[in-house]
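Engineer: fold the following for me, if possible:
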Amino acid sequence: MRQEAIFATRPCPLCGAGRDQAEPFLSDTRDESRVSTSSFASRKIPEYMSHAMVRCGSCDLAYVDRPPSVASLAASYHAADYDSAEEAEDAADAYARALTPVLGRLDSCGAALEIGTGTGAFLERLKGFGFTQLIGIEPSIAAIDAAPPHRRPWIHEGIFQEADFAPESFDLICCFMTLEHVQDPGALVASARRLLKPGGMFVGVTHDRRAWLNRLLGRRSPIVDIEHMQLFSAESAKYLLEHHGYASVDGSSFRNSYRPSYWLRLAPLPDALKNSLTGMLRRSKLDRRRLSLDVGNFMSWGIKPR
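Structural biologist: Prediction:
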């Protein structure tokens, strides 16, 4: 799977500062011979490949200054593999626990939209919270095919387009582990604000590149990924919402819970050793449990002013 050539240099997609105000952050480590449909799959085994990234000296966002086109990215996700349905359920449980204290700020729980819904696992949790209209957007055909049949009517295949929805029609819009992947995260949250009812809420989940574990692992962190067009910190994730007119912006880190064998897949170990240990874990009773860890994921939220 080869992406089209990259020519244009973009400014910071968060604050708009020019490339002249940025410094090198990550070198280009892509290997086209290793890029495949699994490279754009959710929760894949880390490949530690990345586009060249720079760090904005104005807002601290790390971003790809020469990204692939929107069409090229959309095609890559459309064709991506999907083999993480079980982990998607675990992630949805973690998001639901983190979001529960925040949902009390909503006036109503009517319509909800999730951008990058995967199998619709989190939409299922929103149904449990009492939301009556559920819509998910997902570009990966394989992810939609992996969804249980009763969720598929909620899921629209494709990329998020504001024009597909009526203004001020949603009480809640969620975007989990997707803001790093789009070419223009500012345009996405601005579109979401226009689609929210006054008093409605946008909630995002991103990696915090300044979290202790990501700083410790450096280039061996799973967040170093060919899929990521930008990497946020906790502060820049909140600034993204403030910059686009949201009120009462806040956020918090949270813990994810997965089987030990999944955590092992993310560890920076030699592949042969990792595969051997993973096989042993999957055959053991230990892997029936869930291990809860704070690995640097950050949830941010903001309200559309009434």
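Engineer: hey, let's count contacts and neighbours off CA atoms from now on
Structural biologist: Will do.
Engineer: show me the shaky parts of the stretch 1-150 of the chain.
Structural biologist: Applying pLDDT under 70 to the stretch 1-150 of the chain flags residues 1-7, 82-83.
Engineer: all helices of it, in order?
Structural biologist: For the stretch 1-150 of the chain, applying DSSP state H, counting those that start in this stretch gives helices covering 70-78, 85-103, 121-129, 141-145.
Engineer: can you lay out the ones you listed as a markdown table showing distance to Phe40 and mean neighbour count?
Structural biologist: Putting these into a markdown table (distance: least, CA to CA, whole Å; neighbours: other CA atoms under 10 Å) gives the following:
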| stretch | distance to Phe40 | mean neighbour count |
| --- | --- | --- |
| helix 70-78 | 6 | 18 |
| helix 85-103 | 15 | 16 |
| helix 121-129 | 19 | 18 |
| helix 141-145 | 11 | 19 |
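Engineer: so which of the ones you listed gets nearest His207?
Structural biologist: Nearest of these to His207, taken as CA to CA: helix 85-103 at 13.3 Å.
Engineer: could you name the helices and strands sitting against that closest one?
Structural biologist: Helices and strands touching helix 85-103, by 3 or more CA pairs under 8 Å, 6 or more residues apart in numbering; DSSP states H and E, are helix 121-129, strand 256-258.
Engineer: ok, now with 6 Å
Structural biologist: Applying 3 or more CA pairs under 6 Å, 6 or more residues apart in numbering; DSSP states H and E, one finds that helix 85-103 contacts helix 121-129.
Engineer: and the residue nearest the centre of the chain, what does it touch?
Structural biologist: In the chain, the centroid-proximal residue (CA atoms, centre = their mean) is Met177; its distance is 1.1 Å. Residues in contact with Met177 (CA atoms under 6 Å, 6 or more residues apart in numbering) are Val205, Thr206.
Engineer: could we number from 705 for the rest of this?
Structural biologist: From this message on, residue numbering opens at 705, which makes the last subject Met881.
Engineer: so what pLDDT did it get?
Structural biologist: Met881 is assigned a pLDDT of 96 by the prediction.
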